[in-house]
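Participant: Starting from these lines, generate the structure:
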Amino acid sequence: MSTVLLLALIAMVGFSGAGMVALVGKKSGPSRRSYSSAVAAGILLALAFADLFPEGLEMAGTAAIGGFVAGFVLLFLTEALSRVHVDHLAEDGALKGTLLWPLFLGLAVHNLADGFVLGVAAGASTAVSGLLGLGILVHQVPVGLSLAAILVASRVTRAKMVWTTLALGLAIPIAAVSTMALPVPDEGGLGILTGAAGGVLAYMGAAHLLPETQAGDAGRLSGLLFAATLVVTTLGLTIVLGH
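Facilitator: Here you go, the predicted structure:
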């Protein structure tokens, strides 16, 4: 248990440390917020399609497709029926805070899934557990950076940046430790949840963040930044992590 907890804490530090980058860019102007949205969209879409979706397929087979579609459609219908997405920009060009909860939910499910995987791997050899922990740490860093970019674009307070980043990071060790005492989803259930998290992140990236990359005078450059981020993150996930 001590090894699992250590690995989970390291992954939490990687995620939360990357998320704290938001504190540096809090006072950025509209152009920088557009760039932040472009980076976040590229990372989230790469994570959804090159990480979470294939990982879900590996664990749950085609059932993960249903999870992905359900996550995407449920979020779309929630916004369509509640008319939340009528205007997702505040008057100062920042993302509205009311639209952040679906993203936080998707990231929470993502981090919980990573924690569950670490906990389930507790019975494996030290070498296997270590490699798994390293892989989770490596891919938690871009997740944290995407959160930082979105927090910058939303212009939330520093206090909210800190507690949001720490709370989402804590999901990893909490899930890892809970596998020792509480019943957790089997591999199939975890795969469906992972697919659903991918659907949520894909929707947020495509429906909310991509439009920001075309806003204002930064449209062309932010569009190129989005494309570069998407390609680099996808290559990193598929080549370096072997997803």
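
Participant: can you give me the helices in the chain?
Facilitator: 2-19, 30-47, 53-60, 63-82, 101-120, 126-154, 158-178, 187-203, 210-213, 219-235 (DSSP state H).

Participant: so how far is the fifth one off the chain centroid?
Facilitator: Its chain's C-alpha centre lies 8 Å from the corresponding centre of helix 101-120 when counted by Cα atoms, centre = their mean, to the nearest Å.

Participant: Just name whatever secondary elements it is in contact with.
Facilitator: helix 2-19, helix 63-82, helix 126-154, helix 158-178, helix 187-203 (3 or more Cβ pairs under 8 Å, 6 or more residues apart in numbering; DSSP states H and E). Where C-beta positions appear, they are placed from N, C-alpha and C, glycine not excepted.

Participant: closest to residue 37 out of these?
Facilitator: helix 126-154 (4.8 Å; Cβ to Cβ).

Participant: The closest one - what's its average pLDDT?
Facilitator: Averaging pLDDT along helix 126-154 gives 73.

Participant: Stretch 187-206 too?
Facilitator: For stretch 187-206, the per-residue pLDDT averages 83.

Participant: roughly how far out does that stretch sit from the chain middle?
Facilitator: 10 Å.

Participant: Now it: buried residues?
Facilitator: Using 16 or more other Cβ atoms under 10 Å as the test for burial, stretch 187-206 gives 190-205.

Participant: ok, those vs residue 76, which is closest?
Facilitator: For the buried residues of stretch 187-206, the nearest to residue 76 is residue 203 (6.2 Å; Cβ to Cβ).

Participant: and the nearest residue in space to residue 202 that is not next to it in sequence, what does it touch?
Facilitator: Nearest residue to residue 202 in three dimensions, chain neighbours excluded: residue 48, at 3.9 Å (Cβ to Cβ, 6 or more residues apart in numbering). Residue 48 makes contact with 198-199, 201-202, 205 under the criterion Cβ atoms under 8 Å, 6 or more residues apart in numbering.

Participant: TSV for those, including distance to residue 12?
Facilitator: What follows is the contacts of residue 48, written out as TSV (distance: Cβ to Cβ, whole Å):
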residue	distance to residue 12
198	21
199	24
201	19
202	24
205	23
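
Participant: sorry, back to before: weakest of the helices of the chain by average pLDDT?
Facilitator: Mean pLDDT per stretch puts helix 126-154 lowest among those, at a mean of 73.

Participant: does residue 201 really touch residue 111, like I thought?
Facilitator: No: applying Cβ atoms under 8 Å as the test, residue 201 and residue 111 come out as separate, 11.9 Å apart.

Participant: Distance check, the closest residue to residue 169 other than its chain neighbours against residue 190.
Facilitator: Excluding the flanking residues, the one nearest residue 169 by Cβ to Cβ, 6+ apart is residue 16, at 3.6 Å. According to Cβ to Cβ, to the nearest Å, residue 16 and residue 190 sit 23 Å apart.
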